[in-house]
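Trainee: Predicted model follows, preceded by the sequence.
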Amino acid sequence: MAASPALPNLDTLPPEALRALLRAQQQTLTLQAEELVAQREQLHAKDEQLAGRQAEIERLQLLIAKLRRMQFGRRSEKLERQIEQLELQLDELATASAEPPAASPAPEAAAPAAPGRKPARRPLPGHLPRQKRTILPKETACPDCGGALKALGEDVSEILEYVPAHFQVIQQVRPKLACTHCDKIVQAEAPSRPIARGLAGPGLLAHVLVSKYCDHLPLYRQEEIYARVGVELERTTLADWVGGASQLLAPLVEALRRHVMGAAKLHADDTPVPVLAPRPGKNENGATVDLCS
């Protein structure tokens with residue numbers, strides 16, 4: 001910060017020079033006051049904009065909650081689309097509120113952040129695997145005297161990273177062994193697979209089922225996701241895997257059915273479920289049903 005110029009001796013200044021100095025000081029103070037007023041107006045406008053975004057976020061959250069309550073009963077595709085659009089608007093508003101403001105002349109004292117805008121930072125889960133990366137200084141000796149360096153301590157900070165899921169091929173190798181006396185060949189039996197002669201391992205089958213029934217990803221969307229990493233899996237193949245896995249899980253479903261039906265009371269809602277009509281691919285109200293997704 002540049003030092004302020006020294007003021008002349010006011011006792012020795014003539015009246016004209018003193019009046020000129022006072023006028024210059026008055027102009028400087030006026031300009032500074034105008035700048036402060038402009039900065040306060042900018043901060044006030046930003047505060048109003050943030051308050052408007054926060055009010056719009058709360059309005060959208062209430063509207064989404066109301067629409068979700070209206071979904072009790074027969075679900076409407078139009079209502080689903082409205083909720084999706086509102087969710088997108090809510091994401092856009094939340095993203096815009098989190099973006100830093102554009103560069104502008106800030107006052108000397110920064111305005112305090114609005115309380116309650118950001119959630120408290122939680123510690124990272126302890127069960128996640130840790131990968132330690134040691135960052136050594138560039139200096140191998142003391143930069144001042146050239147002496148040897150010794151460990152004094154360390155600072156540890158953590159960031160949360162995501163490693164994308166990946167496919168891998170497991171090769172099952174079964175060596176053949178032959179007897180040196182009678183030429184009998186010995187080989188281990190092939191390990192069983194979840195689906196006979198199927199290419200999917202148990203982990204991949206579980207991922208497909210969870211994506212379809214828990215994450216609501218239809219098979220055609222999973223087909224597109226897998227194709228982006230170079231794995232071509234047709235929807236018919238995925239449908240065969242889902243059907244085969246359903247047969248594998250049938251005993252578990254039956255055990256759950258016996259447990260639920262053995263209770264004294266059952267609670268359920270009245271949400272209707274479309275039932276297939278005798279015509280293939282049609283339900284009772286005539287809407288086409290995608291049997292593969």
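Mentor: Happy to help now that I have it.
Trainee: Which helix or which strand is home to Glu48?
Mentor: helix 15-70 (DSSP states H and E).
Trainee: What helices and strands are in contact with that helix?
Mentor: helix 77-98 (3 or more C-beta pairs under 8 Å, 6 or more residues apart in numbering; DSSP states H and E). Using the backbone N, CA and C atoms, a C-beta is placed for each residue, glycine as well.
Trainee: right, and the helix or strand after the helix it packs on?
Mentor: strand 177-178.
Trainee: Surely Tyr226 touches Glu234?
Mentor: No. With contacts counted by C-beta atoms under 8 Å, Tyr226 stays clear of Glu234, the gap being 10.0 Å.
Trainee: For those two, indicate the residue with more neighbours.
Mentor: Tyr226 (17 against 14; other C-beta atoms under 10 Å).
Trainee: give the contact list for that one.
Mentor: Tyr226 sits next to Phe167, Glu232, Leu233 when contact means C-beta atoms under 8 Å, 6 or more residues apart in numbering.
Trainee: Those residues, buried ones only, as a ChimeraX selection?
Mentor: To isolate the buried members of the contacts of Tyr226 in ChimeraX, using 16 or more other C-beta atoms under 10 Å:
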select :233
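Trainee: Can you check the pLDDT for Ser4?
Mentor: At Ser4, the model reports a pLDDT of 55.
Trainee: meant to ask about Glu234, not that
Mentor: Glu234 is given a pLDDT of 89.
Trainee: Likewise for the one 4 residues further on?
Mentor: For Leu238, the pLDDT comes out at 91.
Trainee: can you check Gly203 too?
Mentor: 91.
Trainee: buried ones in the helix or strand harbouring it?
Mentor: Using DSSP H and E, Gly203 sits in helix 202-213. For helix 202-213, burial by neighbour count (16+ other C-beta under 10 Å) applies to Leu204, Leu205, Val208, Ser211, Lys212.
Trainee: so what does it touch, helix or strand wise?
Mentor: Using 3+ C-beta pairs under 8 Å, 6+ apart, helix 202-213 sits against helix 219-227, helix 235-261.
Trainee: Figure out how far the longest one is from the centre of its chain.
Mentor: Taking the mean of its C-alpha atoms, helix 235-261 sits 30 Å from the chain's own mean (C-alpha atoms, centre = their mean, to the nearest Å).
Trainee: angle of it against helix 202-213?
Mentor: Counting by axes from the mean of the first three to the mean of the last three C-alpha atoms, to 10 degrees, helix 235-261 lies at 80 degrees to helix 202-213.
Trainee: Around Leu219, how many other residues sit close by?
Mentor: That count, for Leu219 with other C-beta under 10 Å as the rule, works out to 22.
Trainee: Need the per-residue pLDDT for the residue lying closest to Ala148 once chain neighbours are set aside.
Mentor: Leaving aside its sequence neighbours, Ala148 sits nearest to Ala141 (C-beta to C-beta, 6 or more residues apart in numbering; 6.5 Å). Listed pLDDT for Ala141 reads 86.
Trainee: Same question for the one 10 residues further on.
Mentor: At Ala151, the model reports a pLDDT of 83.
Trainee: burial count for it?
Mentor: Neighbour tally, Ala151, other C-beta under 10 Å: 5.
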